[in-house]
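Asks: how would this look folded up:
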Amino acid sequence: MLFATRRSDPPAMTLEGVLGPNTRLDDAAGIAVDAPNAVCVIEGLGLLFSSGSAVLAIEAWDARPTPWAVFDDTVTAIGGGPDGLVAVGLAGGGLAVCDRNGAAAGWTAPAAGPAAIADLAFLPDGAVAAVDSGYGPGDDMFARAPWDDRARGSVTSVRRDGATRQLASGLHCPTGIALDGSGAPLVTLFERAAVAELSGQLRQSGYPAYPGRIRRTDTGYLIACLARRDPLIEFLKTERDFVAEMKQSIEPRYWISPRMHPEFSHDFPIEAGATRLFGEIKPWAPSFSYGLVIETDERLVPTASAHSRANGLRHAISDAVCWNGDIIAVSRASGEVLRIGAGGTVQ
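Replies: This next block holds a predicted model:
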């Protein structure tokens, strides 16, 4: 009997123990936001979060969001730095660095910066590290990345005078960046479900979901997860002929891939199994979308989690930070900024 040779990936973590399903995301208080994506804490200013081409600010959770800055393109990332500086990534690769009041901070735009910015972080030398996932705003990263063998992601350093330096290349769909305790950058890899150094060396892998951004806290890290790793997708990675035919004959919207929104339709694969008992969607039903935030220790080992399962709406968690003792997360699927509950402090 012959068996197909499978890619020797580390075994995935199961949704048990500290990763066991719960309703923390669905039970969380939320603020409705038009097209949210990124969130950032600025000391002395409060919480910043993106809304389309604008960045809004609140000083306290029950305060009314106020405009902080408006840009010419969609905001794709926000990163806080020293002295109240804020780096803002824009669709198409634009980068703006502002002061705490939202005014331009006098940085020169790079002549040839990243093509697309998924996340930003200030480095110890004062430069800004920009993560390029390799997928632009017109690409469907959710559908394409699991089946794309090309490692086209990169991390670029941008200095105040506009000078750039490539810190890493050949990364497979990096989506987030944070500095570890020694100041070294770590990146999340979407399809690899891992956290790696810029050299590509894995620090931790086998997460049960596709990670978005990563944020350091006083107890470890927060990992925002964009979707759950589905066993069917993982199995089909061994079936190259099937995947090749799928990519050739079906438009990406209907590929067997993770999705941002928890929409159910018989046009989608496996969705016919998503109803149980009088048409009600059950939490354990098949679903290519999911909501998950993972809290980890310093070794990137999970210590707690917050979920929105198949029957929830708060999926595609793109960012999460700790603010005033609470974990604040962004659900792109439901269009909300969520206050989950107790967490650490962002460093």
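Asks: check contacts around the closest residue to residue 331 other than its chain neighbours.
Replies: Nearest residue to residue 331, sequence neighbours excluded (C-beta to C-beta, 6 or more residues apart in numbering): residue 314, at 4.2 Å. C-beta here means a position set from N, CA and C on the backbone, and glycine is covered the same way. Under the criterion of C-beta atoms under 8 Å, 6 or more residues apart in numbering, the contact list for residue 314 reads 25-26, 28, 30, 291, 308, 331, 333-334, 336, 338.
Asks: Need the max-distance pair from these.
Replies: Spatial extent of the contacts of residue 314 (C-beta to C-beta) is set by the pair 28 and 333 at 13.8 Å.
Asks: Just the contacts of residue 314: which are in helices?
Replies: Among the contacts of residue 314, DSSP state H puts 25-26 in helices.
Asks: Output the contacts of residue 314 as a markdown table; include the columns pLDDT.
Replies: Formatted as a markdown table, those follow (pLDDT from 0 to 100):
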| residue | pLDDT |
| --- | --- |
| 25 | 97 |
| 26 | 96 |
| 28 | 97 |
| 30 | 97 |
| 291 | 97 |
| 308 | 97 |
| 331 | 98 |
| 333 | 97 |
| 334 | 97 |
| 336 | 98 |
| 338 | 98 |
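Asks: The residue nearest to residue 331: what secondary structure?
Replies: Secondary structure, DSSP: H, G, I helix; E, B strand; the rest coil: residue 314 is coil.
Asks: What distance do you get for it to residue 52?
Replies: Relative to residue 52, residue 314 is positioned 19 Å away (C-beta to C-beta, to the nearest Å).
Asks: And for residue 81?
Replies: Distance of residue 81 to residue 52, given as C-beta to C-beta: 23 Å.
Asks: Same check on residue 291?
Replies: Relative to residue 52, residue 291 is positioned 21 Å away (C-beta to C-beta).
Asks: if you count what's nearby, which of the two comes out ahead?
Replies: Legend: neighbour count by other C-beta atoms under 10 Å for residue 291 and residue 52, higher for residue 291 (31 against 15).
Asks: The strand or helix carrying residue 341 - which strands sit beside it in the sheet, and in what orientation?
Replies: Element membership for residue 341 (DSSP states H and E) is strand 336-342. Partners of strand 336-342 in the sheet, by DSSP bridges, are strand 29-32 (antiparallel), strand 326-331 (antiparallel).
Asks: what comes into contact with that strand?
Replies: Contacts for strand 336-342 (C-beta under 8 Å, 6+ apart): 24-25, 28-33, 36, 39, 49, 61, 293, 306, 314, 320, 325-331.
Asks: Any quick ChimeraX command for the buried ones out of the residues you listed?
Replies: Listed next is the ChimeraX selection for buried residues among these, using 16 or more other C-beta atoms under 10 Å:
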select :24,25,28,30,31,33,36,39,49,293,306,314,320,326,327,328,329,330,331
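Asks: which residues sit in contact with residue 111?
Replies: Applying C-beta under 8 Å, 6+ apart to residue 111 gives the contacts 162, 164.
Asks: so what pLDDT did it get?
Replies: pLDDT recorded at residue 111 is 81.
Asks: Please tell me how far it sits from residue 289.
Replies: Taking C-beta to C-beta, one finds residue 111 at 39 Å from residue 289.
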